[in-house]
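*Asks:* Build me a model from this:
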Amino acid sequence: MKISTKGRYALRMLTDLAVNQGEDYISLKDIAEREGISKKYLEQIVPLLSRNGILRTNRGNKGGYRLAKEADKCTVGDVLRATEGNLAPVACLEYDTNDCPNASQCRTLYVWEGLKRVVSEYLDGISIQDIIDHSNDSGNDYCI
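*Replies:* Numbers count the residues shown, from 1 in each chain. The predicted structure follows:
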């Protein structure tokens, strides 16, 4: 499984919003400048995040973007599913019901089911707040 720039940039965008979010909405231009990401590329990501209840948008003079829920309630799994689609390692596990005609005889199915479970549990266990906390902690451990 390979995560595209869409997924990676979405995480950076949301982390930036969480760190810089106050009472006001934040402009995409500001996020793009701070993160070194093209504003046009972020514009492609916004609808995916909005449609999935991760991002709140506001038009007008004080318009911009903000997280739709608290940073500790938004997981990496949520973001990647919104931007990448299903995180299943094989096509037959993309839906709740496995319609593969070979599923009952497939000797390797348990491998892919296990991988999907482990990846989902891992990504669903990390929130945007965890990313912020981790980045604040790193680099502060000095050893002499």
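
*Asks:* What is the neighbour count of Arg56?
*Replies:* Taking other CB atoms under 10 Å as the criterion, the count of residues near Arg56 is 15. Any C-beta I mention is one placed from the backbone N, CA and C, and that applies to glycine too.

*Asks:* check which helix or strand covers it.
*Replies:* Assigned by DSSP states H and E, Arg56 belongs to strand 55-58.

*Asks:* Output the contacting helices and strands for the helix or strand following that strand.
*Replies:* Where DSSP H and E defines the elements, the next helix or strand beyond strand 55-58 is strand 64-67. Applying 3 or more CB pairs under 8 Å, 6 or more residues apart in numbering; DSSP states H and E, one finds that strand 64-67 contacts helix 5-20, helix 28-35, strand 55-58.

*Asks:* May I see the buried residues of the shortest one?
*Replies:* Taking 16 or more other CB atoms under 10 Å as the basis for neighbour counts, the residues of strand 55-58 that come out buried are Leu55.

*Asks:* What ranges does this structure have for its helices?
*Replies:* Secondary structure of the chain (DSSP state H): helices located at 5-20, 28-35, 39-51, 76-84, 109-124, 128-137.

*Asks:* Out of these, which gets the lowest mean score?
*Replies:* When those are compared by mean pLDDT, helix 128-137 comes last with a mean of 90.

*Asks:* hmm, back to that, which of the helices of the chain is buried the deepest?
*Replies:* Among the helices of the chain, helix 76-84 has the highest mean neighbour count (mean count of other CB atoms under 10 Å), at a mean of 21.

*Asks:* and it with helix 109-124, angle?
*Replies:* With axes from the mean of the first three to the mean of the last three CA atoms, to 10 degrees defining the directions, helix 76-84 sits at 110 degrees from helix 109-124.

*Asks:* related to what we said a few turns ago, can you add distance to Gly125 and give the helices and strands packed on strand 64-67 back as a markdown table?
*Replies:* Compiled in a markdown table, the helices and strands packed on strand 64-67 are given as follows (distance: least, CB to CB, whole Å):
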| stretch | distance to Gly125 |
| --- | --- |
| helix 5-20 | 15 |
| helix 28-35 | 24 |
| strand 55-58 | 21 |
